[in-house]
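A predicted structure for the sequence below; I have some questions about it.
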Amino acid sequence: MAQLRHRTATGTALALIAALLAAIPAGAAPPPDPGPLDLTKSTAQWIDRTTVAVKDDGAAAGTTTRLVADPDGELAVRDGELTGTGRESALREIPGGLSAAQRARFPHLSAYAAYEVAPRDRKHTAEDLTGQVILTQRASDGTLTTATGVQTQGVLDDLYAARATKARLGPVFREGEVTLSVWAPTARSVALELGGARVPMRRDDASGVWSATGPEHWTGKSYRYVVKVFSPSARAVVTNKVTDPYSLGLTADSTRSVAVDLAADSLAPRGWRDLEKPKAVPLRNAQIQELHIRDFSATDRTAKARHRGTYRAFTDTRSKGSRHLRKLAEAGTSYVHLLPAFDIATIPERAADQKRPDCDLASFAADSEKQQECVAAVAADDAYNWGYDPFHYTVPEGSYATDPDGTRRTVEFREMVRALNRDGLRVVMDVVYNHTAASGQDPKSVLDRIVPGYYHRLLADGTVATSTCCANTAPENAMMGKLVVDSLVTWARQYKIDGFRFDLMGHHPKANILAVRKALDALTPARDGVDGKRIILYGEGWNFGEAADDARFVQATQKNMAGTGIATFSDRARDAVRGGGPFDDDPGVQGFASGLYTDPNASQANGTPAEQKARLLHYQDLIKVGLTGNLADYTFTDSTGRRVKGSDVDYNGAPAGYAAAPGDALAYADAHDNETLFDALAFKLPPATTPADRARMQVLAMATAALSQGPALSQAGTDRLRSKSLDRNSYDSGDWFNALHWDCRDGNGFGRGLPPAADNKSKWPYGKPLLTSVRVGCAEIEGASAAYRELLKIRTTEKVFGRRTAGQVQRNLSFPLSGPAETPGVITLRAGDLVVVFNATPETRKQQVRAVAGSMYRLHPIQAKGTDRIVKSVSYESSSGIFTVPGRTVAVFSRSAP
């Protein structure tokens, strides 16, 4: 089933609900509720070796409660009675429920009743956990009143985590031997299937780790684990042949793990050992390009044909894509953020197995339905996916390699990193530890077929939570948390990755992300070949789902990560710049950079002129907060004349400012999620807006992020007016809608047909007339890119934009015209010796800053020597302090000597 990749809380929930409702036949009755006698659910939770937590339903006096364990997994309920046999352990209800420490560890269970496992039964706990475990309750007359499965994550951590978290898992190479280890504490047996042989594995009872050690020639061999284990989803003891969760290499399509020694000389490209990195840029100054590996080169005719869509395309130094990346690096871009490049579950890895649309896509009209129809027909089996479908976390994706079988993916991934570094760019990986592509007995489930019910976050009834889109993992459990840390350390040490972006980081505990930071900080050039303290971390700190509001742990959300040095994406200024939100029914809701009030479109969703003006001025306050780096305590005069802090400004009921220091919040105007900036502006700007003015508004929108304090991110191609033909969720929309067009003569991607119906059909009536009327050409594409690079150069060379502390920002930044008389559609920023005017209106505007009257200002030399003729028409009157800036223009003025 295609994944729902709507990447905010509201979108995920609505899309998931809609999909579930659509799957129910009309008029179908829901299945009967089996009530409390239901072994398909697991509503009891064994939280440690002494305690079982049970939802407090007020059991009647005389009720007896027991754990029942059957090693053969044959317990069942038939006709209201338990069948099968198992060892029983009597439980005693603990007055007052869980202890304070237990409530702190499991806050979502605070109201549960607590039952004590008798001391005499605790010696059987480890054995009981290798089979089926259920909880029963019987009334005083012996009637079975409750029968439910038992969640065991807590007790497994209590029994094994202290030792298991210190174990080295996966393949380990030392002194001519190879050891393969897997954590499987609930398994009845584990064997190693190596080539055509089956090798027994030995269990360490203290850790639950199974290991086998063999000679050096095991290196390079393919292997799987054969795990005999009780599976709650199958309600039976099963034997699974499964790959290694700690795989370092894989065969094509991930059918088997490969014992790969990443330290082998044969896997190191020339120059890898002594690779010279570009100078490290601190997070607060990072300028980041977000790039999908396949998008970069799939249709680039200047890349070598055999390299297109692969890691090796980055080594084609003469390709237009590589040349553009070098231009961005020269202008100040410091990092390329690669969308997921770990092993992905949803792409056939052999080119011969990848389907292609069986249509002449270019022959159809710009507003045709045919392109999306043809793309959708092969989407499940083509070469494309964003990659938010983790299969194996610590192996490069095989479809991006010229040969997916074995170690070419390792070598070519390293070649890509080396090439980007030589282009002057450090490399960030997008990592997705918050979910897996599958769970249970699904063939693409790995973790859950080794330790069933442990690695995934379970809801109160024992079902796997799917608020992320898919099977949510549980990094709050010790061994899932360890997997996150171990995997990231491997990417840092063995692939020289310079940063990590966490998908849905708010679904991780803050403690887990801080453990990552600690582990990376411990890496040193002398011992590990990398300086871990230079590795940057940022992520999506959204607050939603079953973990929302710290329900299960202190989350890694926006407000909680402030002050940690780990940034979170800030949606505040993004929405204010674009207008509305990602899931508006009417995509014509305008914002600061799309004409709200000053250049209105026909959408009734924008309200009356008075309502538009009020919303625009509030948007300007949100953008001001964004320009400070989203600082919570930064004080300024808002558009109503009040003296406020950043945290006082409202953003949909939450504080707009949440950061403690520059670098806590990451600014952006667009990313891979939702419409590209160009497409959003296509919906929002008046249809008659000229191509030149569309390009100018795009640059203005990008400037609000690029010129802010703290890091900023831009989707690759946005500086070149990139379009995905209005596709708001292009995760599986193929090369046709996603590929970057480095040659402006090929257009910018707009007008390639109506976007795929699955996520866009409701917007087709809005988009269809635009697809045949909106056009930009080389002048607009190249002009916008040049203007953005000039602003980027200013941002990265003027130190005032990279203040270290909140206090420095407060002293150096101000909004001198903010207040009741400020101009709607214009923001004036004073930053040290610079004055920046963002004029989003169609008309030339005068901004009088009396505090600088008598001082000399001129257009910044970089813009003065640049390619934008309109910005060169700005003027400044020293006697009055009046800055005059043409419409749809960002102008930076620098103070000059008299």
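That came in fine, so what should we check first? Only a predicted model underlies this, so the values are computations on that prediction, with no experimental measurement involved.

what lines up beside the helix or strand T145 falls within in the sheet?
According to DSSP states H and E, T145 maps onto strand 144-151. Counting by DSSP bridges, the strands paired with strand 144-151 are strand 37-38 (parallel), strand 44-48 (parallel), strand 132-138 (antiparallel).

next structured bit after it?
Using DSSP H and E, the helix or strand that directly follows strand 144-151 along the chain is helix 153-164.

tell me the buried residues in that next one?
153-161, 164 (16 or more other C-beta atoms under 10 Å). Placement of C-beta: from N, CA and C, glycine included.

picking that back up, who touches the strand holding T145?
For strand 144-151, the external contacting residues (C-beta atoms under 8 Å, 6 or more residues apart in numbering) are 36-46, 52, 59, 63, 65, 67, 77, 80-82, 132-139, 232, 453, 458, 462.

go with 6 Å
Outside strand 144-151, the residues within contact range by C-beta atoms under 6 Å, 6 or more residues apart in numbering are 36-37, 39, 41-46, 77, 81-82, 133-139, 232, 458, 462.

and for stretch 858-865?
790, 793-794, 871, 874, 892, 894, 896.

make JSON lines from those and add neighbour count to it.
Shown next, in JSON lines, are the contacts of stretch 858-865 (neighbours: other C-beta atoms under 10 Å):
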{"residue": "E790", "neighbour count": "23"}
{"residue": "K793", "neighbour count": "17"}
{"residue": "I794", "neighbour count": "25"}
{"residue": "V871", "neighbour count": "22"}
{"residue": "V874", "neighbour count": "22"}
{"residue": "V892", "neighbour count": "25"}
{"residue": "S894", "neighbour count": "19"}
{"residue": "S896", "neighbour count": "12"}
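
these in helices, which ones?
790, 793-794 (DSSP state H).

could I get those as TSV with pLDDT and distance to D72?
Formatted as TSV, those follow (pLDDT from 0 to 100; distance: C-beta to C-beta, whole Å):
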residue	pLDDT	distance to D72
E790	98	72
K793	98	70
I794	98	71
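
buried sites along stretch 702-714?
Quick answer for stretch 702-714 (16+ other C-beta under 10 Å): 702-714.

just confirm A212 is within a helix.
No - read with DSSP: H, G, I helix; E, B strand; the rest coil, A212 is strand and lies in no helix.

wait, it touches S181, no?
No - between A212 and S181 there is no contact under C-beta atoms under 6 Å: 8.0 Å.

please tell me how far the spatially most distant residue from the centre of the chain sits from S89.
Distance from the centre of the chain peaks at D141, with 54.0 Å (C-alpha atoms, centre = their mean). Taking C-beta to C-beta, to the nearest Å as the measure, D141 falls 22 Å from S89.

of the contacts of stretch 858-865, closest to A100?
Distances from A100 to the contacts of stretch 858-865, taken as C-beta to C-beta, are shortest for I794 (54.6 Å).

which members of the buried residues of stretch 702-714 occur in helices, if any?
Using DSSP H, the buried residues of stretch 702-714 in helices are 702-706.

for the residues you listed, which one is nearest P245?
Proximity of these to P245 (C-beta to C-beta) peaks at A705, which lies at 37.3 Å.

wait, what's in contact with that closest one?
Applying C-beta under 6 Å, 6+ apart, we find A705 in contact with 667-669, 712.

could you do P36 as well?
Taking C-beta under 6 Å, 6+ apart, we find P36 in contact with T146.

how near is it to Q151?
Separation of P36 from Q151 (C-beta to C-beta) stands at 16 Å.

equivalent analysis for D72, please.
21 Å.

which residue of the two possesses the greater neighbour count?
More neighbours surround Q151 than the other of D72 and Q151, with 25 against 14 (other C-beta atoms under 10 Å).

next, the contact list for the residue nearest the centre of the chain, please.
Closest to where the C-alpha atoms of the chain average out (C-alpha atoms, centre = their mean) is D503, at 1.9 Å. With contact set as C-beta under 6 Å, 6+ apart, D503 has these partners: 432, 434.

go with 10 Å
With contact set as C-beta atoms under 10 Å, 6 or more residues apart in numbering, D503 has these partners: 7, 339-340, 387-388, 390, 430-435, 468-469, 539-540.

quick one: the helices in the stretch 601-750 of the chain?
Remark: helices assigned in the stretch 601-750 of the chain by DSSP state H, counting those that start in this stretch are 609-627, 677-684, 691-706, 734-738.

most tightly packed of these?
Among these, helix 677-684 has the highest mean neighbour count (mean count of other C-beta atoms under 10 Å), at a mean of 27.

what packs against it?
When contacts are defined as 3 or more C-beta pairs under 10 Å, 6 or more residues apart in numbering; DSSP states H and E, helix 677-684 sits against helix 571-578, helix 691-706, helix 764-771.

the nearest residue to D599 once chain neighbours are set aside: how many residues sit nearby?
Leaving aside its sequence neighbours, D599 sits nearest to P842 (C-beta to C-beta, 6 or more residues apart in numbering; 5.2 Å). Applying other C-beta under 10 Å, we find 18 residues neighbouring P842.
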